[in-house]
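Colleague: predicted coordinates and the sequence they were generated for:
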Amino acid sequence: MIHLARSIEEAWRRTISETASLSGEVSELASLSAEVRLDAEMGDMALSMLGRVLAGEFDGFPAWERDGQGNFCRELDGGVVLVYDPKKALLHVQTQLTSTVSATASGTAEICGTTVGELAVTAVSRYYDDGWGGRREEDARQEAYLQAERRLASAVASLHQHQQAEAVAAAEIQAQEAAGEKAAGELERLKAEARDALREQLQSRLAQAEEQVHQVMNRAVGEAYRQTLRQLVLDNGGRIVTDEQTGSVISMELELY
C-alpha cells in the first residue's frame with residue numbers, strides 16, 4: 001500500500017479553443033430589361049386585347065398563370081420568367097439563382113490562475129511471499145507507486161477544474177464568440193464571391209433566352225393585334241372572309257361596308 005500526499009499552490013495557464021460553423025443562402029434576381037413599356041408601341045385597345053389573349057380567352061393560345069398582384073407569368077426554358085403587369089403595361093424578363101455557402105472558423109481564449117489545496121491518494125498492489133507467479137515485493141511496490149502517481153495527477157486536474165470552473169466556462173464563451181465573429185466575417189466574404197458568380201450565370205442565362213423571349217412575346221402581341229382587328233371589323237358591320245395564320249404570318253381578307 002502506497003500513500004501519497006501533496007500540498008499544491010500551482011499557477012497555470014490554459015488556452016481554450018472553440019469552433020463555429022455558419023451557413024447562409026445567397027439569392028440573386030436579374031432582369032434583362034428593368035421594364036419594357038408595351039404602351040409605347042401598342043394602343044389602348046390592343047393592350048386590352050393582349051390581356052385577354054394572355055388570360056386564354058382565345059383558342060390556340062394557352063392562358064398564362066396569374067400571381068397575387070394580377071400579373072401574367074410565363075416560365076420559359078432555363079428558369080427565365082416573363083412577368084407582364086397589365087395595369088402598367090410593363091413587361092419584365094427575370095431569372096433567379098440561389099446558392100448556399102458555409103464558413104467555419106476557430107476562436108481561442110487564454111486563461112490563467114492558481115490552484116491551492118491538500119491532496120492525498122492511496123494505491124494497493126499485491127505480491128506473494130514465495131514469489132509465486134514471478135511477482136516480487138519490488139514489483140508490487142513499483143506498481144502501487146505508479147498507480148498512486150496517476151491518481152494524484154488526476155486529483156490535481158480535478159482540483160484545477162473545480163476551482164477554476166467559472167473561469168473556464170467564461171473562456172469557452174469568449175472563444176465561441178470569437179469563432180462566431182470570424183465565421184460571420186468569412187461568410188460575408190463568401191457570399192460576396194457567390195453573388196458575383198451568380199450574376200455572371202444570370203446574365204449568360206438571360207442572353208441565351210433572348211430569342212425565346214422574342215418568339216413568345218411576338219406571338220402574344222401578334223395574336224392581340226389579330227383579335228383587335230377582328231373586333232374592329234365586326235363592330236363596324238364588316239365581315240371576315242378568311243383568317244389564316246402560317247407560322248408568324250397572319251393573312252386576313254376583310255369586307256367593310
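Modeller: Thanks, I have the structure now. Numbers count the residues shown, from 1 in each chain.

Colleague: tell me, how many residues neighbour His184?
Modeller: To be clear, residue 184 is Ala; His isn't right here. 15 (other CB atoms under 10 Å). C-beta coordinates here come from the backbone N, C-alpha and C atoms, glycine included.

Colleague: repeat for Arg151
Modeller: Close neighbours of Arg151, defined as other CB under 10 Å, add up to 17.

Colleague: surely it and Ala120 touch.
Modeller: No: at 9.9 Å, Arg151 and Ala120 do not qualify as touching, with contact defined as CB atoms under 8 Å.

Colleague: who touches both of the two?
Modeller: Leu4 (CB atoms under 8 Å, 6 or more residues apart in numbering).

Colleague: roughly how far does the residue nearest to Arg239 when sequence neighbours are not counted sit from Glu110?
Modeller: Once flanking residues are discounted, Arg239 sits nearest to Glu255: 4.4 Å by CB to CB, 6 or more residues apart in numbering. From Glu255 across to Glu110, the span is 96 Å (CB to CB, to the nearest Å).

Colleague: same thing with Ser102?
Modeller: Counting by CB to CB - Ser102 and Glu110 are separated by 28 Å.

Colleague: and Gln231, by the same measure?
Modeller: Gln231 is 83 Å from Glu110, by CB to CB.

Colleague: ok, these two, which is more surrounded?
Modeller: Gln231 (14 against 11).

Colleague: report the contact partners of the more buried one.
Modeller: Gln231 neighbours (CB under 8 Å, 6+ apart): 45, 49.

Colleague: cool, Arg6 as well?
Modeller: Contacts of Arg6 (CB under 8 Å, 6+ apart): 118-120, 152, 156.

Colleague: put the buried members of the residues you listed into a PyMOL selection.
Modeller: Of the contacts of Arg6, the buried ones can be selected in PyMOL as follows, counting by 16 or more other CB atoms under 10 Å:
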select buried, resi 119+152+156
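
Colleague: and stretch 115-124, average pLDDT?
Modeller: Averaged across stretch 115-124, pLDDT comes to 85.

Colleague: likewise for stretch 60-74?
Modeller: For stretch 60-74, the per-residue pLDDT averages 93.

Colleague: with stretch 6-18 instead?
Modeller: For stretch 6-18, the mean confidence score works out to 77.

Colleague: stretch 181-195 now?
Modeller: Stretch 181-195 comes out at a mean pLDDT of 87.

Colleague: then stretch 237-250?
Modeller: 82.

Colleague: start to end distance for that stretch?
Modeller: Criterion CA to CA, to the nearest Å; first-to-last residue distance in stretch 237-250 is 22 Å.

Colleague: can you list contacts of it?
Modeller: In contact with stretch 237-250 (CB under 8 Å, 6+ apart) are residues 218-219, 222, 226, 230, 233-234, 251-257.

Colleague: list the buried residues for that stretch?
Modeller: For stretch 237-250, burial by neighbour count (16+ other CB under 10 Å) applies to no residue.

Colleague: what's the answer for stretch 222-230, then?
Modeller: In terms of neighbour count (16+ other CB under 10 Å), stretch 222-230 has its buried residues at 223-230.

Colleague: and stretch 86-93, by the same measure?
Modeller: Judged by neighbour count using 16+ other CB under 10 Å, the buried positions of stretch 86-93 are 86, 89-93.

Colleague: same list, these, but as TSV with pLDDT please.
Modeller: Listed next are these as TSV, based on pLDDT from 0 to 100:
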residue	pLDDT
Pro86	92
Ala89	89
Leu90	88
Leu91	89
His92	88
Val93	87
